[in-house]
Structure formats: structure tokens, C-alpha cells
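[1] please work out how this folds:
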Amino acid sequence: MKFHEPRHIAWLSSLVVTGAYTLLFVATVVLLFPHNFTHFPTLLLGAGSSVLLFLITFLIFRYTIDRFIYSKIRLIYKSIHSFKVTKGEKPVIKNDRHVLENVQQEVDRWEEEKQQEIERLKLLEQYRREFIGNVSHELKTPLFNIQGYVSTLLDGGLEDKSINHEYLKRTEKSIERLIHIVEDLDEIAQLESGQMKLQCTRFDLVALTREVIEMLEVKAMKKNVELLLQETDRVIWVEGDREKIRQVLTNIIDNSIRYGNHENGRTKITFFDMDENILTEITDNGIGIDQEELPKVFDRFYRTDRGRAATKKGKGLGLSIVKHIMEAHHQTINVRSAIGIGTTFGFTLKKAV
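    The predicted structure follows:
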């Protein structure tokens, strides 16, 4: 029998006290009145007092345990439960039975959950510090540039026709960079919070990809990168937000051009039938990404060391936006890469009937 209920604990405690009293009573009578030990009145007195003591101590122990000790335990149990139920729900607290075992299990689980929550909060705090540092760094460059150009113009450069127009153009570019950073951050915030609603329709993925290639073709030619589209005559109907998927394709293909092989570059877009979904893979033969950096490529403001060395342009927000767009579609995106060989990004979209 497990003594985990108030009456069991009270019964055991009373039994121990009564047993001790009975032994003490017998020892006293034997030592002081050895001839009267077997007399009926003595036996009746001992048995009656033991029974009476048992009943009194049982009631006292039961009342004390139930009234004071278990009420505190149930309060702890209720407090733990109140943290675990969702808002608006009432915690369901079971009465007495197994309360000691239950509260121990609840405390252990609660401790484990809180420890995990602390670890998550530490990671979030680290991410917050890194994010603020990255935002500060990205905003600092165009702001300092603007300050330098405006100061030069105010110090007399405005009257110098050889530099005033050029400095105003540079100022405009820095302002545009600031605007793009703010717009990208706002878009990520809306995607993360679910405020941005997708306009899902049925569209031809191949036709959309062809439009993106035509838009980036001039930039690719300047970088000596060839854009190849598999099965250009094929029609692939998918469901999704057409303009958001255009942004996904644009960001990934633009990255392949920016970090591609500028001597004999090649970016290939291929489609695969995956039963209910269509997998789109965009493969380049560029500089590649280190394996330890692959899990971070979708983080905000993250740029690989090789990416920074290859170009000073880029805010490190494009792939983060891509990831959030695909998550909003309840689809997946992945990346694989090898240094000196190239990188492949793949994402899925649901087939349209």
C-alpha cells in the first residue's frame, strides 16, 4: 500500500503513536505492577486507552494534514497548473488522491519546462543583441555617407559644379539604401507577425520564372553569368502568391549572379514533380558556402565571409525574406553547397488542379 492520501498517512502515524504507547504501557505495568499484568481490568484499561488514543491521534493527524499541509500542497499544485493552461481556461485540479506524487511530478516537469524556457530566452536575447548590432551597422554606413556628402556640399561644394551634382547623386543612392533596408525589415516583421495576407492564386511557375530571368538578364550579362531555364515550353500550374514567389525567385537568382562565377558563370533553374508539390531548384557554379555557415544563411543581416569578400553590396535580408515567404505558404526551402563548386537553393509549392 502506498501512503499518499491524508487518511493513509494519518492512519500510519496514529498506528505508530498507539503502538509506542502500548509498548510503554505494557513495560510500565510489568515493571511496577508485575502481579496485576494479567488482571482483566488492567488489560481492559490498556486496550481501551490504546483504542481511544488511536482514534484521537487519527483525527488530529487527519485534520492537521488535510487542513494545513495538503492545503499548501494543493495551492502549489494549482499554481503550477495555472501557468500551464491557456488563457481563458480554468485549471482542473484533482482532489487529494495521489496529490503528493502528482505535485512532485508537476514540479519536476515545471522545472524542466522553465529551464528550457530560460535557455530559449537566452538565445532570444543573444539574437536580439546581434540583430540590433547588425541593424546599427547596416544603417550606419549610408547615414555616415549622407552626412559626409551633405557636409562637403555645405562647406562650399555646393558651388563647385564639378562635384555638387555627383555628391547629390551619391546622397540619393544612400537614402535609397536606407529606404530599402527599412522596407525589407517592415516586410519581414509583417510576415513574422502574420499581418501580411497572401493573395494566393493559380499561376504558371515556368512563365513567372521566365519573367524574372528576362528582368535580370542584363545584370547577368554584365557579370558574365548565363541564366538557363529548363523546359521553357512546359506549363506548371501552382498555387501561391504570385508576386511573393516572384520576389523569392528574384532574390535567389540575384544572389546567384552576385556571388556567381564571373568568368564562366551559370545559373540553372530546374523543376521537379514531387507528387503534391513542385520542387524548384536554382543551382549556380559560384563561390559556394562553408558547411558551418549554411544554417545561418536565412538569418537577417547574415552574410558569409566569402560573400563579403566577393562584394560589398547586399544587406543580408534577401534570403531572410525568402524564408519567411515560404513559411507563410506553409512550404519548405533548403540549401546545399560546396566550396568552389556552387550552391543550390530549393523550394516547394503546392500543385494547382
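
[2] contacts and neighbour counts: CA atoms only from here.
    Will do.

[3] any buried residues in the host helix or strand of Ser50, and which?
    Per DSSP states H and E: Ser50 is located in helix 40-64. The neighbour-count check on helix 40-64 (16 or more other CA atoms under 10 Å) flags 46, 49-50, 53-55, 57-59, 61-63 as buried.

[4] closest to Ile146 out of these?
    Of all these, Ile146 sits closest to Tyr63, with 78.6 Å by CA to CA.

[5] coming back round to it: and the helix holding Ser50, what does it pack against?
    helix 6-32 (3 or more CA pairs under 8 Å, 6 or more residues apart in numbering; DSSP states H and E).

[6] if we go to 10 Å?
    helix 6-32, helix 70-84 (3 or more CA pairs under 10 Å, 6 or more residues apart in numbering; DSSP states H and E).

[7] which neighbouring elements make contact with the longest helix along the chain?
    Counting by DSSP state H, the longest helix found in the chain is helix 99-154. Here helix 99-154 touches helix 70-84, helix 164-193, going by 3+ CA pairs under 10 Å, 6+ apart.

[8] least reliable of the ones you listed going by mean pLDDT?
    With a mean of 64, helix 70-84 has the lowest mean pLDDT of the helices and strands packed on helix 99-154.

[9] picking up where we left off before, check the offset of the longest helix of the chain from the chain's centre.
    Relative to the centre of its chain, helix 99-154 is centred 12 Å away, using CA atoms, centre = their mean, to the nearest Å.

[10] quick check: mean pLDDT across that helix?
    77.

[11] now the strands for the stretch 201-350 of the chain?
    With DSSP state E, counting those that start in this stretch as the criterion, the stretch 201-350 of the chain has strands at 225-229, 237-241, 265-274, 277-284, 333-338, 342-351.

[12] turn the ones you listed into TSV, including mean pLDDT and distance to Thr209.
    Putting the strands of the stretch 201-350 of the chain into TSV (pLDDT from 0 to 100; distance: least, CA to CA, whole Å) gives the following:
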stretch	mean pLDDT	distance to Thr209
strand 225-229	93	8
strand 237-241	94	12
strand 265-274	92	8
strand 277-284	94	10
strand 333-338	92	17
strand 342-351	94	13
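
[13] columns distance to Val135 on top of the ones you listed, output as CSV?
    Below are those laid out as CSV (distance: least, CA to CA, whole Å):
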stretch, distance to Val135
strand 225-229, 31
strand 237-241, 28
strand 265-274, 31
strand 277-284, 29
strand 333-338, 25
strand 342-351, 26
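
[14] looking at those, which is closest to Lys122?
    Of all the strands of the stretch 201-350 of the chain, strand 333-338 comes closest under CA to CA, at 26.4 Å.

[15] convert the C-alpha atoms of that closest one to PDB, please.
    In PDB, the C-alpha atoms belonging to strand 333-338 read as follows (Å, rounded to 0.1, in the frame of the first residue of the first chain):
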ATOM      1  CA  ILE A 333      13.100  25.900 -48.600                       C
ATOM      2  CA  ASN A 334      16.600  24.400 -48.200                       C
ATOM      3  CA  VAL A 335      20.100  25.000 -49.400                       C
ATOM      4  CA  ARG A 336      23.100  22.800 -50.100                       C
ATOM      5  CA  SER A 337      26.500  24.000 -51.200                       C
ATOM      6  CA  ALA A 338      30.200  23.100 -51.800                       C
END
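
[16] ok, residues contacting that strand?
    Under the contact criterion CA atoms under 10 Å, 6 or more residues apart in numbering, strand 333-338 has outside partners 279-291, 294-295, 297-298, 322-327, 342-349.

[17] ok, now with 6 Å
    288-289, 343-347 (CA atoms under 6 Å, 6 or more residues apart in numbering).

[18] what about the nearest residue to Asp299 once chain neighbours are set aside, how many residues nearby?
    Nearest residue to Asp299 in three dimensions, chain neighbours excluded: Ser320, at 5.5 Å (CA to CA, 6 or more residues apart in numbering). By other CA atoms under 10 Å, 20 other residues sit near Ser320.

[19] and for Gln331?
    15.

[20] quick one: contacts for the nearest residue to it once chain neighbours are set aside?
    Excluding the flanking residues, the one nearest Gln331 by CA to CA, 6+ apart is Thr348, at 5.8 Å. Shown in contact with Thr348 (CA under 6 Å, 6+ apart): 278-279, 331-332.

[21] quick one on the thing from earlier: a markdown table for the buried residues of helix 40-64, including distance to Glu125 and pLDDT?
    Output for the buried residues of helix 40-64, formatted as a markdown table (distance: CA to CA, whole Å; pLDDT from 0 to 100):
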| residue | distance to Glu125 | pLDDT |
| --- | --- | --- |
| Gly46 | 70 | 74 |
| Ser49 | 67 | 81 |
| Ser50 | 65 | 81 |
| Leu53 | 62 | 82 |
| Phe54 | 60 | 82 |
| Leu55 | 60 | 86 |
| Thr57 | 56 | 85 |
| Phe58 | 55 | 80 |
| Leu59 | 54 | 82 |
| Phe61 | 50 | 78 |
| Arg62 | 49 | 74 |
| Tyr63 | 49 | 74 |
